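Trainee: Got a predicted model here, sequence first, then my questions.
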Amino acid sequence: MKGRHKRPCLRISRDEKFVMVKKILNCTETDPNKILPVKYGWAREYFRMGVANNWVPQEIPMQQDIELWKKTGGLSEDERRLILWNLGFFSTAESLTANNIVLSIYRHVTNPECRQYLLRQAYEESIHTETFIYCCDSLNLDPDNVYNMYLRIPSIREKDEFVVNMTKSFLDPEFTTKTIDDVQKFVNDLVGYYVIMEGIFFYAGFVMMLNFMRHNRMVGVGEQFQYILRDESIHLAFGCDLINAIVAENPEIWTSEFKSTIVQNIKRGVELEYNYAKDSLPRGVFGVNSDTVKEYLEYIADRRLERINLPRTYNSSNPFPWLSEIMDLRKEKNFFETRVTEYKTGGQLRW
């Protein structure tokens, strides 16, 4: 009709339509093999960061560690205990995390760019497993002693059982994410896996082992823990963004009751890790003791809570100012702003 303005037609390209229908879970309308165009740019960024930090344990010399470990009186009984307890926990925990990725998380996360990162993470978990094999071989440790510690040491067993019970939906072959309750269970399991296992249980071990490096002892093992820490900081960042993205796409799961459950699970994780710290550090080593570890656990737990949009609980401060140099918390702070910087050169650590 004359004098009437036609409303402009909004044209949406095929690629734009493809991005619009992409989802983290239950995305049957898209081809899971078609990664482009990318909707979740953060997943691609974490993949690139992981590639830039590529490494293998055999690159790190262990001769000084071997000589110190063999030397009579070279390490105190408490120092040996601390090293063995951490190797015992990490050696089995890394296998547990790899199984969760390959057998469960990858199956339910249908988005291709997230799956690409999960494949990268699975590779890194296998490298971490290889690291503890390398440490056991180098120090001539009894593998049965190290790899069965989770069966003999109550504080290690309790942590493993807590995570296994909290992530049991992952390994149920009949489990799906089709209903609201199921998506809620899946997010609950992701919190147990990424936030508690990798974000709390692992970090106390990093403090203990990097403290050896600070005193120029067991530097080979310590350097390998530095590399693992870099990997795990990206794993944790990806996991938190994955959780937040699922919640954003399924806001009905984020009830007050569910949030309270998550907070209580994280607090229980802090409690279990504190019990482990008391067990592995009965008298303290180089100024690190179970009480300072507890304060640090509370400090990082608050940061984990805030990262998944929950209020902090403890309001504790960081008791280890030296970590800013050895562990580079400035970079970790950027990670909690969802950006990890300075991961630029593969196979090199520049702190």
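Mentor: On my side now, so go ahead. It should be emphasised that the depicted structure is a prediction, and the values quoted were computed from it without experimental measurement.

Trainee: Any buried residues in stretch 216-226, and which?
Mentor: Residues R217, M218, V219, G220, V221, G222, E223, Q224, F225, Q226 are the ones in stretch 216-226 that count as buried (16 or more other C-beta atoms under 10 Å). Where you see a C-beta, it was placed from the backbone N, CA and C, and this is true even at glycine.

Trainee: dump the residue contacts of P143.
Mentor: Residues counted as contacts of P143 (C-beta atoms under 8 Å, 6 or more residues apart in numbering) are C136.

Trainee: so how far is D137 from it?
Mentor: 9 Å (C-beta to C-beta, to the nearest Å).

Trainee: Name the SS class of the closest residue to I101 other than its chain neighbours, please.
Mentor: The shortest distance from I101 to any non-neighbouring residue, by C-beta to C-beta, 6 or more residues apart in numbering, is to A122 (4.7 Å). For A122, the assignment made with DSSP: H, G, I helix; E, B strand; the rest coil gives helix.

Trainee: on that earlier part again, specify which member of the buried residues of stretch 216-226 is nearest to D160.
Mentor: For these, the closest approach to D160 (C-beta to C-beta) belongs to F225, at 19.4 Å.

Trainee: in which helix or strand would I find that closest one?
Mentor: Taking DSSP states H and E as the criterion, F225 maps to helix 219-249.

Trainee: following that helix, which helix or strand comes up?
Mentor: Taking DSSP H and E, what comes next after helix 219-249 is helix 256-280.

Trainee: Give the other helices and strands that the helix or strand just after that following helix contacts.
Mentor: Downstream of helix 256-280, the next assigned helix or strand under DSSP H and E is helix 290-307. Helices and strands touching helix 290-307, by 3 or more C-beta pairs under 8 Å, 6 or more residues apart in numbering; DSSP states H and E, are helix 202-214, helix 219-249, helix 256-280, helix 329-336.

Trainee: run the last query once more with 7 Å
Mentor: Helix 290-307 sits against helix 202-214, helix 256-280, with contacts defined as 3 or more C-beta pairs under 7 Å, 6 or more residues apart in numbering; DSSP states H and E.

Trainee: average pLDDT for the last one?
Mentor: The reference is to helix 256-280. Mean pLDDT, computed over helix 256-280, is 97.

Trainee: any idea how far C27 is from the most centrally placed residue in the chain?
Mentor: Central residue check for the chain by C-alpha atoms, centre = their mean: the C-alpha nearest the mean position is that of E198, 3.1 Å away. Here the criterion is C-beta to C-beta. By it, E198 lies 25 Å from C27.

Trainee: any residues touching stretch 162-174, and which ones?
Mentor: Contact with stretch 162-174 is made by 96, 100, 103-105, 175, 185-186, 189, 192-193, 196-197, 265, 268, 272, as judged by C-beta atoms under 7 Å, 6 or more residues apart in numbering.

Trainee: ok, and which of the helices and strands packed on helix 290-307 has the densest surroundings?
Mentor: The highest average neighbour count among the helices and strands packed on helix 290-307, using mean count of other C-beta atoms under 10 Å, belongs to helix 202-214 at a mean of 22.

Trainee: what's the angle from it to helix 219-249?
Mentor: Between helix 202-214 and helix 219-249, the angle comes out at 150 degrees (axes from the mean of the first three to the mean of the last three C-alpha atoms, to 10 degrees).
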